[in-house]
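Enquirer: dropping a prediction and its sequence here:
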Amino acid sequence: MAEPLKNLYNETFLHLITQDFQAHHPKFDAAAFKALVFDKEWPDRELKDRMRHFSLSLHHLLNMPFADTIALFKQVISEREGYALERMFFPDYVELFGQEDLELSLEALAFFTTYASSEFAIRPFIAQHQDSVLNRMLKWADSENFHLRRLASEGCRPRLPWAMALPSLKKDPSPILPILEKLKGDETDYVRRSVANNLNDIAKDNPDVTLEKAEQWIGNSKGTDWVVKHACRSLLKQGNTRALVLFGFQEPASISVSGLQLDKSELKIGEEFIFQFDLYNESNTTSKLRLEYIIDFVKKNGKTSPKVFQITENTFEPGQHHISKKQSFKDLTTRKHYPGLHCLRIMVNGAEKATISFQLQ
């Protein structure tokens, strides 16, 4: 199993960051900092909690005015080149202690994001000063630095995972759209992916807004076409007719599925099975189809939660087509399995065509 992300914050990292602080602040007390960080709750702290604990420990140890701390942080974070997730405690500090100085905080977040993303830290500033911050982010969208351009899009996502939501932008995402317009054809995949994810967030509360942009942008370029497709992924999974038509998928009324079966109806956590079925295109013409399957996974509390997986996106001639797919039930860092009765559903262009149950032990 992959190493938990929280272990990015470990003794090796603390030693390195302590060296960097001492290089620019000779009175930095390494022993005191280590004692503050590795308290009795440390082993149980998850990634964001460890990041926050770093911020609070530094604030307690340094006990400096905010402007002086930011000046020191700029020197320290610049000590080592490259981008590193574990340095996100620098922008986190700004989120915690910079609310009273908007200008300095925005300037600091723009600086820090080239070393460790400020996407989480900027959100409380958007919540309190939406117009001012979004206007600044619109300027960042023209930056020569792709990290800053990405922050312009990623930071204002209405539903950024693991971050505070932005209710105002969930209700009315129109202030975000000028930023996305500037970045939709960005030269880097990193930025374009953020634009797509932002539009996908918007689709969850305002699907027509995302669809309108998708219809405007599709065909502009290969890169923009990718943005549009990725932005509409949730709508496609839901079987949204307007989204399906946009990408040339037909109404699946003439498509049927039969013979859905598993090579085992009971299996243990960590094992895998193969499922197969026959798909029939009962029309007289080739059909463009999006084949997916949904597994209703049992959660720790006994309830179920659906997860959508893609099988293929292809054209199918009239007649019968045999489909086979393998599914693993090994625990992942992003998904833990629990015993119970699960359900597998076959979806064609967003419509459920067959279902089967199986027992996970």
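Expert: Everything's here; your move.
Enquirer: list the buried residues of stretch 212-222.
Expert: Residues of stretch 212-222 classed as buried: 213-214, 217-218 (neighbour count, 16 or more other Cβ atoms under 10 Å). Heads up, the C-betas are built off the backbone N, CA and C, glycines and all.
Enquirer: now, those that are in helices?
Expert: 213-214, 217 (DSSP state H).
Enquirer: now the residue of the chain positioned farthest from its centre: how far from H230?
Expert: The C-alpha centroid of the chain is most remote from N284, which lies 41.0 Å away (Cα atoms, centre = their mean). Applying Cβ to Cβ, to the nearest Å, the value for N284 to H230 is 33 Å.
Enquirer: show me the contact partners of stretch 228-248.
Expert: Defining contact as Cβ atoms under 8 Å, 6 or more residues apart in numbering, one finds that stretch 228-248 is touched by 193, 195-200, 203-204, 207, 210-211, 213-215, 217-218, 249-251, 288, 290, 292, 308, 347, 349-351.
Enquirer: change it to 7 Å
Expert: Stretch 228-248 has contacts (Cβ atoms under 7 Å, 6 or more residues apart in numbering) with 193, 196, 199-200, 203-204, 207, 210-211, 214-215, 217-218, 288, 290, 292, 308, 349-351.
Enquirer: now do stretch 153-168, average pLDDT.
Expert: The average pLDDT for stretch 153-168 rounds to 95.
Enquirer: next one: it to chain centre, how far?
Expert: In this view, stretch 153-168 has its centroid 10 Å away from the chain centroid, taken as Cα atoms, centre = their mean, to the nearest Å.
Enquirer: buried residues, that stretch. List them.
Expert: Residues 153-160, 163, 166 are the ones in stretch 153-168 that count as buried (16+ other Cβ under 10 Å).
Enquirer: go on, stretch 291-311?
Expert: 291-298, 304, 311.
Enquirer: if we can go back for a sec, so the residue farthest from the centre of the chain touches G319, yeah?
Expert: No - judged on Cβ atoms under 7 Å, N284 makes no contact with G319 at a distance of 10.3 Å.
Enquirer: go ahead and confirm T355 touches P306.
Expert: No - counting by Cβ under 7 Å, T355 stays clear of P306, with 11.9 Å between them.
Enquirer: how far away is L134 from L151?
Expert: 12 Å.
Enquirer: then N284?
Expert: According to Cβ to Cβ, N284 and L151 sit 52 Å apart.
Enquirer: ok, now Y93?
Expert: Taking Cβ to Cβ, one finds Y93 at 16 Å from L151.
Enquirer: neighbour count winner among those two?
Expert: L151 (28 against 25; other Cβ atoms under 10 Å).
Enquirer: how about the contacts made by the residue lying closest to the more buried one once chain neighbours are set aside?
Expert: Residue nearest to L151 in three dimensions, not counting chain neighbours: T113, with 4.7 Å by Cβ to Cβ, 6 or more residues apart in numbering. Residues counted as contacts of T113 (Cβ under 7 Å, 6+ apart) are 91, 147-148, 151.
Enquirer: ok, 8 Å please
Expert: 91, 119, 147-148, 151.
Enquirer: and for P175?
Expert: So P175 contacts 130-131, 134, 169 (Cβ under 8 Å, 6+ apart).
Enquirer: show the buried residues in these.
Expert: 134, 169.
Enquirer: what about T355, which helix or strand?
Expert: If you go by DSSP states H and E, T355 is part of strand 351-360.
Enquirer: actually A196, sorry about that
Expert: Judged by DSSP H and E, A196 forms part of helix 189-205.
Enquirer: what about that helix, distance to the chain center?
Expert: Computed by Cα atoms, centre = their mean, the separation of helix 189-205 from the middle of its chain amounts to 9 Å.
Enquirer: next: stretch 319-328.
Expert: Distance, stretch centre to chain centre, for stretch 319-328: 29 Å (Cα atoms, centre = their mean).
Enquirer: flag every buried residue along that stretch.
Expert: Buried-residue list, stretch 319-328, by 16+ other Cβ under 10 Å: 321, 323, 325.
Enquirer: one more: stretch 14-21?
Expert: 14, 17-18, 20-21.
Enquirer: what does stretch 350-361 give?
Expert: Those would be 350, 353-354, 358, 360, for stretch 350-361 by 16+ other Cβ under 10 Å.
Enquirer: endpoints of stretch 331-345, how far apart?
Expert: With Cα to Cα, to the nearest Å as the measure, stretch 331-345 spans 21 Å from end to end.
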